[in-house]
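1. Structure for this input, please:
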Amino acid sequence: MNKVGTLLIIFISFTQVALAQVTKGIHLQAIARNEKGIIMADKQVALRITILKDSALGAIVYQEIISVTTNVLGLFFVDIGANEKNKIITTGDFENIKWSTSNYYLQFEIDPNNSLLFVTAGIEKMNYVPLALYAEKANTITSQIPIELGGTGVTSTSSLLKLLNMDKVNNTPDTLKPISNAVNIALNEKLKKVDTLSLSNRINQKLNATDTLRLSNRINQKLNFLDTLSLSNRINALNIVPIKKSYALLFDTSKQTTSIATATAIKFNFVQAANKVTIINNTAGNPTKITVTDTGLYQVNFNLQFIKPDINSDEVNVWIRKNNGGYLNTTLTYQIQGSSIKNNINGVYFLELNASDYIELFYSIKNSNSNLTGSLPSTTTPSKPATPSAMLSIQAIN
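-> Predicted structure coming up:
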């Protein structure tokens, strides 16, 4: 029986607020440790960061998934909400969060194997709203504050200028202001025609037509038209085309049952993130066919939770079916326990798929009462989200 449950301990420090011209973000630096407290150095992990509104069980207002690599000290850096490489924003818009109207909680989930199987690492209340997130509103007067309380006593910019006797000030730029005769005379004395003539003669002596002609000839010898044409042809021959990666993360929370010794396709009713991968219904109307757009080598990871209410054990077989036919050598066999124990099983495949191919994840059981069942979220300490009954990720790796 395979189990999923690696825990990372994270130490969080909000060191600054990153403000760019387009996006804002909260800078996070953290140290990753394993369940034994040992620093995880030079390790690539995936993070799922969620901002919840009002409480630790509140609504999700923003969520992102990003892959990071720790350094030799186990340290890594993330700008929450910022536009970063390898980041997937799954829910919400960071810039539309109303920081001043509600309390917010920050939840961290870790995938130590970078396979989109996340483990909750902690959830904390954001007690201090980053000051810079209010910076855009600093030039707007929205209410009148008395002078004795440190305010201006007015509610508009024009009233403030009048209060400070600055409403009559002429803000003409210096470049547009007229100058006096004395200044004109001083400028003429500083630069006369005789001075410019002498300077021109000195420049001509340092750099004449012969010098520029020789320099031009030397440049032409180093780089002529044929050289640039050859370089241009070599660049065009590369035919560089940017490629957008194919991936999908699918899951299901419903209870799925089957009969003894019956091949049954697993349903995935929810798509958390996807690009160039879709899921369509089978002939029974269930979402089971995972279809790819591009030809390539794909990595497929799955995680299933089985529960058997009676005391007997059971044998579960899981395999891949491609285009309505079994994919060779993909059957995996697991033993699960009864007495309502949560049996989490997982596996990984590498599959060669052509454009428009589809795959399905199938399973069968030998004894009755075994079923795919998820777990409800827990409100006890520590609180944690629900466990799906089935989860699958697929991504192109070439």
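
2. how close does the residue positioned nearest the centre of the chain sit to S55?
-> The centre of the chain sits closest to K87, judged by CA atoms, centre = their mean, with a distance of 2.0 Å. Counting by CB to CB, to the nearest Å, the gap between K87 and S55 amounts to 26 Å. From N, CA and C alone the C-beta is placed, and that goes for glycine too.

3. three-state assignment of the nearest residue to the residue nearest to the centre of the chain once chain neighbours are set aside?
-> With sequence-adjacent residues excluded and distances taken as CB to CB, 6 or more residues apart in numbering, K87 is closest to I66, at 4.3 Å. Counting by DSSP: H, G, I helix; E, B strand; the rest coil, the backbone at I66 sits in strand.

4. again, but for the one 5 residues further on
-> Per three-state DSSP, the secondary structure class of N71 is coil.

5. so it sits right up against Q44, yeah?
-> No. With contacts counted by CB atoms under 8 Å, N71 stays clear of Q44, the gap being 11.6 Å.

6. Any buried residues in stretch 366-386, and which?
-> The neighbour-count check on stretch 366-386 (16 or more other CB atoms under 10 Å) flags N367, S370, N371, L372, T373, G374, S375, K384, P385 as buried.

7. Same list (those) but as TSV, adding distance to F350 and secondary structure.
-> Shown next, in TSV, are the buried residues of stretch 366-386 (distance: CB to CB, whole Å; DSSP: H, G, I helix; E, B strand; the rest coil):
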residue	distance to F350	secondary structure
N367	31	coil
S370	28	coil
N371	29	strand
L372	24	strand
T373	29	coil
G374	27	coil
S375	30	strand
K384	31	strand
P385	30	coil
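
8. Go through these and say which is closest to L229.
-> Set against L229, the nearest of those by CB to CB is P385 (60.7 Å).

9. Would you state the helices of the stretch 51-200 of the chain in chain order?
-> Taking DSSP state H, counting those that start in this stretch to define them, one finds helices in the stretch 51-200 of the chain at 157-163, 181-190, 193-206.

10. any idea of the mean pLDDT for the second one?
-> This predicted structure assigns helix 181-190 an average pLDDT of 77.

11. Stretch 212-220 now?
-> The average pLDDT for stretch 212-220 rounds to 75.

12. ditto for stretch 277-291
-> Averaged over stretch 277-291, pLDDT sits at 96.

13. Now do the buried residues in it.
-> Under 16+ other CB under 10 Å, the buried positions of stretch 277-291 are V277, I279, N286, P287, T288, K289, I290, T291.

14. likewise stretch 388-398?
-> P388, S389, A390, M391, L392, S393, I394, Q395, A396.

15. Confidence-wise, which helix or strand of this structure is lowest on average?
-> Lowest on mean pLDDT, DSSP states H and E among the helices and strands of the chain sits strand 9-19, with a mean of 45.

16. For whatever helix or strand comes next after it, list the C-alpha coordinates in PDB.
-> Following strand 9-19 in sequence order, the next helix or strand is strand 24-33 (DSSP states H and E). C-alpha atoms of strand 24-33 as PDB (Å, rounded to 0.1, in the frame of the first residue of the first chain):
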ATOM      1  CA  LYS A  24       2.100  44.100  -7.400                       C
ATOM      2  CA  GLY A  25       3.200  41.300  -5.100                       C
ATOM      3  CA  ILE A  26       4.100  40.300  -1.600                       C
ATOM      4  CA  HIS A  27       7.700  39.200  -1.300                       C
ATOM      5  CA  LEU A  28       8.100  35.900   0.500                       C
ATOM      6  CA  GLN A  29      11.300  34.200   1.600                       C
ATOM      7  CA  ALA A  30      11.200  30.800   3.300                       C
ATOM      8  CA  ILE A  31      13.300  27.800   4.300                       C
ATOM      9  CA  ALA A  32      12.200  24.300   3.400                       C
ATOM     10  CA  ARG A  33      12.800  21.400   5.800                       C
END
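
17. just checking, what packs against strand 24-33?
-> Applying 3 or more CB pairs under 8 Å, 6 or more residues apart in numbering; DSSP states H and E, one finds that strand 24-33 contacts strand 9-19, strand 75-80.

18. try it again with 10 Å
-> Here strand 24-33 touches strand 9-19, strand 44-53, strand 60-69, strand 75-80, strand 104-111, going by 3 or more CB pairs under 10 Å, 6 or more residues apart in numbering; DSSP states H and E.

19. Next, the angle strand 75-80 makes with the third one.
-> Here strand 60-69 runs at an angle of 150 degrees relative to strand 75-80 (axes from the mean of the first three to the mean of the last three CA atoms, to 10 degrees).

20. for strand 60-69, packing partners?
-> When contacts are defined as 3+ CB pairs under 10 Å, 6+ apart, strand 60-69 sits against strand 24-33, strand 44-53, strand 75-80, strand 87-92, strand 104-111, strand 270-275.

21. Helices along the stretch 201-350 of the chain, start to end?
-> Under DSSP H, counting those that start in this stretch, the stretch 201-350 of the chain gives helices at 209-222, 225-238.

22. With distance to G37 and mean neighbour count as new columns, can these be given to me in CSV?
-> Shown next, in CSV, are the helices of the stretch 201-350 of the chain (distance: least, CB to CB, whole Å; neighbours: other CB atoms under 10 Å):
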stretch, distance to G37, mean neighbour count
helix 209-222, 62, 9
helix 225-238, 49, 9
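
23. what are the phi and psi values for the nearest residue to I39 once chain neighbours are set aside?
-> Nearest non-adjacent residue to I39, counting by CB to CB, 6+ apart: G74, 3.5 Å away. With angles defined as degrees, to the nearest 10, G74 sits at phi 80, psi 10.

24. about what we covered before: ranking the helices of the stretch 51-200 of the chain by burial, who's on top?
-> Of all these, helix 157-163 has the most neighbours on average by mean count of other CB atoms under 10 Å, namely a mean of 13.

25. what's the offset of that one from the middle of its chain?
-> Here the centre of mass of C-alpha atoms in helix 157-163, compared against the chain's by CA atoms, centre = their mean, to the nearest Å, lies 45 Å away.

26. What of stretch 310-321?
-> Relative to its parent chain, stretch 310-321 has a centroid offset of 36 Å by CA atoms, centre = their mean.
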